[in-house]
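Novice: Structure of the sequence below:
(2 chains)
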Amino acid sequence: MADEVVLLDFRPSPFGMRVRIALAEKGIKYEYREEDLKNKSPLLLQMNPVHKKIPVLIHEGKPICESLIAVQYIDEVWNDTNPLLPSDPYQRAQARFWADYVDKKIYDNFSKISASKGEEKEAAKKELIQVLKLLEEELGDKSYFGGHNFGFVDIPVVSYYPWFKALETFDSLNVGECSKFTAWAKRCLQKESVAKSIPDQRVINELFVELRKNSSTE
Amino acid sequence: MASNQEEVTLLGVIGSPFVCRVKIALKLKGVEYNYVEENLANKSELLLKYNPVHKKVPVFVHNGKPLAESLIIVEYIDETWKNNPILPSDSYQRALARFWSKVIDDKIVGASWKSVFTVDEKEREKNVAETHEALEFLENEIKDKKFFGGEELGLVDIAAVYVAFWIPLVQEIAGLELLTSEKFPNLYKWSQEFVNHPIVKESLPPRDPVFAFFKGRYESLFASK
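Specialist: As a prediction, the model looks like this:
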């Protein structure tokens, strides 16, 4: 009971996926609670009053909000196995920089692609491919962004993978142009922690269609 | 402290709250550094070389290795120079410090800026409401503590330099009430304590030129109306 870990989550969420992966990497047993985002639980509203969003990691009754903050917390507390961040301060800062870059550039472009049409949409698609190409450059010849080991930058990038697949299906986003990225993603998906944390692509695709329908009727 | 062979450089601009965060952290640690004032209309080769991804300031260079993004730089400084710790040692407290710093960046900086520097009145009003909502969270977080970090300055205080110095500045330009002692007594009290802290005082830019700069921007934004 003293070590109790609870995760308030929503299976299709890329942000939730990050925390699931980190918990799995560390072999942490936890209670998973699926939230209905249209009817948020009193616990969620109590534990994350500022944003009212998932994921919320609750450890010994105390909430940790924001996916990358939760991942760092998990790495610091369960520090005896599978380190997610490098031990060198400069390497650590670089890892934080790239994770931050991913959140700034991928999410914004996803939103832009969904919300626009025609030229604007094509421009956002192009920018997203440029982001992938820059990430490929950063990856270089390494197996993972973390080097030999899967780590702090791999986690948020792979969390967006199902959404990239959806954009490929519905918006003809040419992810295949980025072969290094595709190879890296395949490698990540073979990891147990990723495979058991990733939502079903069909669910993502259905959600995608639903979100698009709702935004076009507004 | 730092050995004679440490080479530390900071690329910045005088009016940037993000650059100021790094200055405060360096002053707190007693780290000597070279400061390079950039002209954002004509970015130096050095800036473009050291921050090719975002091409922004602050850029921090330690022994030839560059870093960007103010809060990432501050954490690096804290991990490299161990005196006067900026982040708490307890993991949960660290997570909270990072959380509140992110709230400032995600919910306060953008909304408060758009409360002033947006032409559309309805947009401005919407952003004022969002700013007040977010400042209320900070108000409840600071309560009657001296600093967010407790008795000493911490990560959240450093991140909140924007709230203490830049918000009062831009609200004066626009004639708005964002951070006032009536609306947010605890936060206002903290801001006074903060700007008068000797380390912060030495790190803040001079008010008049920064005020004049942003006033000029404000006036030219509304000039066409």
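Novice: check contacts around A:Leu167.
Specialist: Counting by C-beta atoms under 8 Å, 6 or more residues apart in numbering or on different chains, A:Leu167 touches A:Phe110, A:Ile113, A:Lys125, A:Leu128, A:Leu173, A:Val175. C-betas here are computed from N, CA, C, even on glycine.
Novice: So what's the residue count around the third one?
Specialist: Just to be clear, that refers to A:Lys125. 19 (other C-beta atoms under 10 Å in any protein chain shown).
Novice: what secondary structure does it sit in?
Specialist: What DSSP: H, G, I helix; E, B strand; the rest coil gives for A:Lys125 is helix.
Novice: Quick check, it in contact with A:Ile113.
Specialist: Yes - in this structure, A:Lys125 is within contact of A:Ile113 by C-beta atoms under 8 Å, at 5.9 Å.
Novice: what's the overlap in contacts for those two?
Specialist: By C-beta under 8 Å, 6+ apart, A:Lys125 and A:Ile113 have these common neighbours: A:Leu167, A:Asp171, A:Leu173.
Novice: Identify, from the residues you listed, the entry nearest to chain B.
Specialist: In terms of C-beta to the nearest C-beta, no member of these lies closer to chain B than A:Leu173, at 21.5 Å.
Novice: Now the closest one: closest residue in space, sequence neighbours ignored.
Specialist: In this structure, A:Leu173 finds its nearest non-sequential neighbour in A:Leu167, 4.0 Å apart by C-beta to C-beta, 6 or more residues apart in numbering or on different chains.
Novice: The one you found belongs to a helix?
Specialist: Yes - under three-state DSSP, A:Leu167 falls within a helix.
Novice: re the thing from before, dump the shared contacts of A:Lys125 and A:Ile113 into TSV; add pLDDT as well.
Specialist: Shown next, in TSV, are the shared contacts of A:Lys125 and A:Ile113 (pLDDT from 0 to 100):
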residue	pLDDT
A:Leu167	94
A:Asp171	91
A:Leu173	93
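Novice: Give me the packing partners of the longest helix along chain A, helices and strands only.
Specialist: Ranked by residue count, the top helix of chain A under DSSP state H comes out as helix A:89-115. Using 3 or more C-beta pairs under 8 Å, 6 or more residues apart in numbering or on different chains; DSSP states H and E, the elements in contact with helix A:89-115 are helix A:67-77, helix A:118-139, helix A:154-159, helix A:161-171, helix A:201-216, strand B:65-68, helix B:70-80.
Novice: and the shortest one, which residues are buried?
Specialist: Residues of strand B:65-68 classed as buried: B:Pro66, B:Leu67, B:Ala68 (neighbour count, 16 or more other C-beta atoms under 10 Å in any protein chain shown).
Novice: Give me the buried positions along stretch B:80-88.
Specialist: Those buried within stretch B:80-88 under the rule 16+ other C-beta under 10 Å are B:Thr80, B:Trp81, B:Pro85, B:Ile86, B:Leu87, B:Pro88.
Novice: residues in contact with the nearest residue to the first one once chain neighbours are set aside?
Specialist: Looking back up the chat, that one is B:Thr80. Among residues not flanking B:Thr80 along the chain, A:Pro89 sits closest, at 5.4 Å (C-beta to C-beta, 6+ apart). Contacts for A:Pro89 (C-beta under 8 Å, 6+ apart) come out as B:Tyr76, B:Glu79, B:Thr80.
Novice: what's the closest residue to the first one other than its chain neighbours in contact with, if anything?
Specialist: Take B:Tyr76 and drop its neighbours on the chain: the residue closest to it by C-beta to C-beta, 6+ apart is A:Ala93, 4.2 Å away. Listed by C-beta under 8 Å, 6+ apart, the contact partners of A:Ala93 are B:Leu67, B:Ile72, B:Ile73, B:Glu75, B:Tyr76.
Novice: For B:Ala129, which of the helices and strands packed on helix A:89-115 is the nearest?
Specialist: Closest to B:Ala129 of the helices and strands packed on helix A:89-115, according to C-beta to C-beta: helix A:201-216, at 23.6 Å.
Novice: Residue 97: what's it in contact with?
Specialist: Chain wasn't specified; assuming chain A. B:Leu67, B:Ala68, B:Glu69, B:Ile72.
Novice: that answer is for a different chain, and I need it for chain B
Specialist: By C-beta under 8 Å, 6+ apart, the contact set of B:Ala97 is B:Leu87, B:Pro88, B:Phe148, B:Gly149, B:Gly154, B:Leu155, B:Val156.
Novice: give me that answer again for 10 Å
Specialist: Shown in contact with B:Ala97 (C-beta atoms under 10 Å, 6 or more residues apart in numbering or on different chains): A:69, B:75, B:86-88, B:90, B:148-149, B:154-159.
Novice: That'll do, ta.
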